[in-house]
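Peer 1: The following comprises the amino acid sequence and a computationally predicted model.
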Amino acid sequence: MARRGGKAANRRDRQRRAQKRAQQRPAPAPRPVDSTLEEAVEAVAEQRVASGPAAPAAPLSRGARADPRFAVAGPSRLGDRAAAEYHYVRSDLRNIAVLVVIMAVLLGAAVVAFKALGIGPT
């Protein structure tokens, strides 16, 4: 019997299917530019030329230099969509925590049992 792939294999398969669908779609036909749009752009350009040169903008003053630690690391750049792709990590961490608690309880029970029965080095 063939072995099933894991979550990563399923994700790769979904990505491949999405790429194939995107490649199969024809590119949208370019829409013709409306002549009124061209006229509006020309009118705005003429108004700017007629109004003369714009006043120079005030120079921007920067405060203290940014902390370089944040410039490199910065806040998380994972978007909501990317974070949703890794939803299984939270459940994996919860399962690991449950196993740790169960193992600690079993170890404590074993220590109490061994001391009560007098088993082991004395």
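Peer 2: Sure thing, it's come through.

Peer 1: mind listing the helices for this protein?
Peer 2: For the chain, the helices defined by DSSP state H occupy 7-24, 35-51, 68-72, 80-85, 87-117.

Peer 1: which one of these has the lowest average pLDDT?
Peer 2: With a mean of 58, helix 68-72 has the lowest mean pLDDT of the helices of the chain.

Peer 1: re the thing from before, now tabulate the helices of the chain in TSV and tack on mean neighbour count.
Peer 2: The C-beta positions use only the backbone N, C-alpha and C, and glycine is treated the same way. Listed next are those as TSV, based on neighbours: other CB atoms under 10 Å:
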stretch	mean neighbour count
helix 7-24	10
helix 35-51	9
helix 68-72	8
helix 80-85	9
helix 87-117	10
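
Peer 1: so how far is Q15 from Q23?
Peer 2: Distance, Q23 to Q15, using CB to CB, to the nearest Å: 13 Å.

Peer 1: try I96
Peer 2: Separation of I96 from Q15 (CB to CB): 27 Å.

Peer 1: cool, and A43?
Peer 2: In this view, A43 and Q15 are 47 Å apart by CB to CB.

Peer 1: do the same with I102
Peer 2: According to CB to CB, I102 and Q15 sit 36 Å apart.

Peer 1: likewise E38?
Peer 2: From E38 to Q15 the distance is 41 Å (CB to CB).

Peer 1: G118 too?
Peer 2: 61 Å.

Peer 1: One more: V105?
Peer 2: From V105 to Q15 the distance is 42 Å (CB to CB).

Peer 1: do the same with V98
Peer 2: As judged by CB to CB, V98 and Q15 stand 31 Å apart.

Peer 1: go on, S35?
Peer 2: 43 Å.

Peer 1: Quick check on G118: phi, psi?
Peer 2: Reported as degrees, to the nearest 10, the phi and psi values for G118 are phi 70, psi 30.

Peer 1: residues contacting it?
Peer 2: Counting by CB atoms under 8 Å, 6 or more residues apart in numbering, G118 touches no other residue.

Peer 1: Contacts only, for E85.
Peer 2: R11.

Peer 1: ditto for V101
Peer 2: Contact analysis of V101 by CB under 8 Å, 6+ apart lists nothing.
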